[in-house]
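*Asks:* Sequence and predicted structure, then a few things I'm wondering about:
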Amino acid sequence: MATEFQKRVWDALRLIPKGRVTTYKAIADHLGTRAVRAVGSAVGKNPYAPEVPCHRVVPSDGTLGNYSAPGGPKRKMELLAAEGIKVENGKIAGFETLLFEYERGREDG
DNA sequence: AGCGTGACGAACT
DNA sequence: TAGTTCGCCACGC
């Protein structure tokens, strides 16, 4: 079994719509933490790989980042391509456009 | 309880 | 623009 923190992360990944991508920063902020490291670490420990779209998570840099799964970042790129997300030169095509953000109940905009 | 590491981020040089 | 460094929180030993 995993810790509560990890479950928070994996649950957040499931909120990512298909054909979209999010950033570790967004998740970290969504969880209320500032350590994107802790998030990435939890994502990497994601045992529900096919159930949790960990491949839809990318750094704020717009790059693929890393991938612990058997295949490496290359496999991650193919997974994104299967979602309709194209990757060029190891970076997300239209990253800022496909970027998905979590709602925080903001009303001021 | 303390030290080192990690699927990152932002600032500095 | 590119490379390097510190900080962050949680996990494992």
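*Replies:* Right, received. Where do you want to start? Numbers count the residues shown, from 1 in each chain, chains lettered A, B, ... in the order given.
*Asks:* going forward, measure contacts between C-alpha atoms and count neighbours the same way
*Replies:* Will do.
*Asks:* DNA strand C contacts on chain A?
*Replies:* Counting by CA under 7 Å from any atom of the strand, the residues of chain A close to DNA strand C are A:2-6, A:33-38, A:42.
*Asks:* List the residues that contact A:V21.
*Replies:* Listed by CA atoms under 8 Å, 6 or more residues apart in numbering, the contact partners of A:V21 are A:56-58, A:95, A:98-100.
*Asks:* can you pull the buried residues of stretch A:52-66?
*Replies:* A:52-60, A:62-66 (16 or more other CA atoms under 10 Å).
*Asks:* for the contacts of A:V21, which one is nearest DNA strand C?
*Replies:* For the contacts of A:V21, the closest approach to DNA strand C (CA to the nearest atom of the strand) belongs to A:V58, at 14.9 Å.
*Asks:* how close does the closest residue to the closest one other than its chain neighbours sit to DNA strand C?
*Replies:* Leaving aside its sequence neighbours, A:V58 sits nearest to A:T23 (CA to CA, 6 or more residues apart in numbering; 5.0 Å). Taking CA to the nearest atom of the strand, to the nearest Å as the measure, A:T23 falls 14 Å from DNA strand C.
*Asks:* from memory A:G84 sits against A:G19, does it?
*Replies:* Yes: contact criterion CA atoms under 8 Å: A:G84 and A:G19 qualify, at 5.7 Å.
*Asks:* where does chain A come near DNA strand B, residue by residue?
*Replies:* With CA under 7 Å from any atom of the strand as the criterion, chain A comes near DNA strand B at residues A:23-25, A:35-38, A:40-46, A:49, A:54-55, A:57-61, A:65-69.
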